[in-house]
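**Q** coords please:
(chains A and B)
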2 protein chains.
Amino acid sequence: MRINVKECAQMLAQQDDILILTHAHPDGDTLGCGFALCRALMKMGKICAVINADEIPEKYDYLYEDIAPIKFRQSYVVAVDVATVNLLGSLEGQYHIDMCIDHHSTNTEYADYLLLDDVPAACQIVFEVIKALGVDIDSKIASCLYTGLTTDTGCFRYASTTAQTYRAAAELIELGADNGRINRVMFETKTKTYARLERLALDSMRFYENERVAIITITQEMYQLTGSNEQETEAIAPLTRQIEGVEIGITIREKSDGTCKASIRTFESVNAAMLAKEFGGGGHSQAAACRFECGVKEAREKLVAKCGEFLV
Amino acid sequence: MRINVKECAQMLAQQDDILILTHAHPDGDTLGCGFALCRALMKMGKICAVINADEIPEKYDYLYEDIAPIKFRQSYVVAVDVATVNLLGSLEGQYHIDMCIDHHSTNTEYADYLLLDDVPAACQIVFEVIKALGVDIDSKIASCLYTGLTTDTGCFRYASTTAQTYRAAAELIELGADNGRINRVMFETKTKTYARLERLALDSMRFYENERVAIITITQEMYQLTGSNEQETEAIAPLTRQIEGVEIGITIREKSDGTCKASIRTFESVNAAMLAKEFGGGGHSQAAACRFECGVKEAREKLVAKCGEFLV
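**A** Residues are numbered from 1 along each chain as shown, chains lettered A, B, ... in the order given. Sure, this is the predicted structure:
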């Protein structure tokens, strides 16, 4: 059942022993939501904790380093920024989910109560909920919420970022969010292993179709050479599309079994999902992916052969 | 003489045949100020134009592409985002400067009237002036002003960005600023020649002092190999400091005469200006530069030998 911000706050105010679930492979938005809400509920005197299926990357330490771990039997479960139950990873099916706060229009309405708003970051909704709870927002809550806003909008860069998102950021800075430090950690820091991998990835970039197509190839050997791993390849895919004149940017990653996966990035002129579909994949109009049972070189040849048809 | 926003607007309203000067090597903030103010004054029926000493990079075309060039004899001259007269480049000394609108606290007060506010972008001040002029702000004026805000704050990333800057951005988006497209052009597009140079620059990166110092070396040969030039090296310097654990990031650029220049980037722990001073240079606490009469390899050795003293 759909609820609004006021109803959501009223329901939370009546509960205690609240367990908050974030999605697996947690990012800044789901963690920002989780720990901001947890801090707010704790300020109201409630027992509360945040859990998720995977390890939290170190850079998010500041979101929760002062929250002491606590054991309790939950009586209410809230999922934040989780569009479908399978995104809970290994936590899927372990809990009855009473409430969900989310910003994905694709939310499958798996929770008893759903607060959904199609805004750029789920933290924008949680900010409204915490205001409705009447909690005094301190600098730590503000930093959690700001983290979600900035990470889900690429530091307020994406076209989807609205005036409302900027206003929420302004309020959070006034409430003490440490915007400078957060943005430095999120957007200006590369691990050494990632930096090495990025270098090899850029070296592997090849151009086709009058340089309108750029393809990066990442092999298992590159992971060994750099000490990096597949998780660090996420930031590589956008690099292809950044080159002036490139309309289709593809990153092909070799799996440990020798097969591979391609991430496709395009601009408005080319539908990435349609190109991925040619190889049994799918996704969004400007970001899509597909798998290949062959090796990277063969996959590259197949993709290059198709790209021409998609360029106007 | 110092003036406030209201006085600035009143003075501009009384003038006509207004020439606006931006600084040399124009960036998004000075151009955004210039063309936003020009558009606003033209909407008031005034004759107005923007000039500067250097060619305007192509990516800023949208700021002025619909403004027809016009010849007139100026009766009032306004400098925008110009801290000192020598920043006018070849225009220095050619005009009596009646008014200056600026955000650099180092402004030398060279104009008859100065509107100065120490905000992250000069466009934030011009936005207030245009509001005070009572001009209806259209999407083109909004896009000019947004361009200054986003470029001078690294897309709202720098620690100096204030709540007020975010609020101004929110208003400008509501007034029609094309934030998505502007940020893509400014922050997500690399020229092919730059992309090639960046690759070679990253390949040249060497680490010292337990990887707490990173040094990139750019040679004249690299410009020849990539079709790039010195102007494109500006974006390289921050790359050294982005690596996790690096406290001193240095980029050494070879000049055509075989001598070289080093750009030093640090975090709070190391004073970049003090390190640069050891070699006769200077700058700010986290960004400084110095020159060497020797070649890049010798300069690198000299710098590495000094870096250790600056690491705690």
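**Q** give me every residue that touches the residue nearest to A:E293 when sequence neighbours are not counted.
**A** Nearest residue to A:E293, sequence neighbours excluded (C-beta to C-beta, 6 or more residues apart in numbering or on different chains): A:T259, at 5.3 Å. Heads up, the C-betas are built off the backbone N, CA and C, glycines and all. Applying C-beta atoms under 8 Å, 6 or more residues apart in numbering or on different chains to A:T259 gives the contacts A:R291, A:F292, A:E293, A:C294, A:G295.
**Q** Let's see if you can find the most crowded of the residues you listed.
**A** The member of these that has the most neighbours, counting by other C-beta atoms under 10 Å in any protein chain shown, is A:F292 with 21 neighbours.
**Q** mind exporting stretch A:92-111 as CSV, just the C-alpha atoms?
**A** Output of stretch A:92-111 as CSV, limited to C-alpha atoms (Å, rounded to 0.1, in the frame of the first residue of the first chain):
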residue,chain,number,x,y,z
GLU,A,92,16.4,-11.9,0.6
GLY,A,93,13.6,-13.9,2.2
GLN,A,94,15.0,-13.6,5.8
TYR,A,95,12.7,-10.9,6.9
HIS,A,96,9.1,-9.8,6.5
ILE,A,97,9.4,-6.3,5.2
ASP,A,98,7.0,-3.9,6.7
MET,A,99,7.9,-0.7,5.0
CYS,A,100,10.0,0.5,2.0
ILE,A,101,11.2,4.0,1.2
ASP,A,102,12.5,4.1,-2.4
HIS,A,103,13.0,6.3,-5.4
HIS,A,104,12.9,3.7,-8.2
SER,A,105,9.8,3.8,-10.3
THR,A,106,10.4,0.1,-11.0
ASN,A,107,9.8,-0.8,-7.3
THR,A,108,7.9,-4.0,-7.2
GLU,A,109,5.8,-3.0,-4.1
TYR,A,110,7.0,-6.0,-2.1
ALA,A,111,6.7,-4.2,1.3
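**Q** quick one: the strands in the stretch 201-312 of chain A?
**A** Secondary structure of the stretch 201-312 of chain A (DSSP state E, counting those that start in this stretch): strands located at A:206-208, A:213-218, A:248-254, A:260-266, A:282-283, A:287-292.
**Q** Which strand residues bridge the nearest residue to A:I248 once chain neighbours are set aside?
**A** Among residues not flanking A:I248 along the chain, A:V213 sits closest, at 4.7 Å (C-beta to C-beta, 6+ apart). Assessed by DSSP bridges, A:V213 has beta-bridge partners A:Y208, A:I248.
**Q** that older thread, so which of the contacts of A:T259 comes closest to B:M274?
**A** Checking the contacts of A:T259 against B:M274 by C-beta to C-beta gives A:G295 as the nearest, at 52.8 Å.
**Q** who's in contact with the closest one?
**A** A:E254, A:G258, A:T259, A:C260.
**Q** again with A:L172
**A** When contacts are counted by C-beta under 8 Å, 6+ apart, A:L172 touches A:F127, A:A142, A:S143, A:L145, A:Y146, A:L149, A:N179.
**Q** just these that are near chain B?
**A** Among the contacts of A:L172, the ones lying near chain B by C-beta under 8 Å from any C-beta of the partner chain are A:N179.
**Q** got the contact list for the one residue in the stretch 1-150 of chain A that gets nearest to chain B?
**A** Closest to chain B within the stretch 1-150 of chain A is A:T150: 8.3 Å, counting by C-beta to the nearest C-beta. Counting by C-beta under 8 Å, 6+ apart, A:T150 touches A:G28, A:F156, A:A169, A:N179, A:I182, A:N183, A:M186, A:F187.
**Q** neighbouring contacts of the helix or strand of chain A with the lowest mean pLDDT?
**A** Lowest on mean pLDDT, DSSP states H and E among the helices and strands of chain A sits strand A:282-283, with a mean of 82. By C-beta under 8 Å, 6+ apart, the residues outside strand A:282-283 that reach it are A:I264, A:A272, A:A273, A:A276, A:A288, A:A289, A:C290.
**Q** residues contacting A:C290?
**A** Shown in contact with A:C290 (C-beta under 8 Å, 6+ apart): A:K261, A:A262, A:I264, A:A276, A:K277, A:E278, A:F279, A:G280, A:G281, A:G282.
**Q** Can you flag the buried ones in those residues?
**A** A:K261, A:A262, A:I264, A:A276, A:F279, A:G281 (16 or more other C-beta atoms under 10 Å in any protein chain shown).
**Q** Quick check: phi and psi on the fifth one?
**A** Backbone torsions for A:F279, taken as degrees, to the nearest 10, come to phi -120, psi 20.
**Q** For it, give me its contacts.
**A** For A:F279, the contact set (C-beta under 8 Å, 6+ apart) comprises A:A262, A:C290, A:R291, A:F292, A:K302, A:L303, A:K306.
**Q** at 10 Å what do you get?
**A** A:F279 sits next to A:A262, A:I264, A:A288, A:A289, A:C290, A:R291, A:F292, A:A299, A:K302, A:L303, A:K306 when contact means C-beta atoms under 10 Å, 6 or more residues apart in numbering or on different chains.
**Q** between those, which is closest to A:D61?
**A** A:D61 has its nearest neighbour among these in A:A289, at 30.3 Å by C-beta to C-beta.
**Q** Please read off the pLDDT at the closest one from the model.
**A** Note on A:A289: pLDDT of 89.
**Q** give me the beta-bridge partners of it?
**A** A:S263, A:G282.
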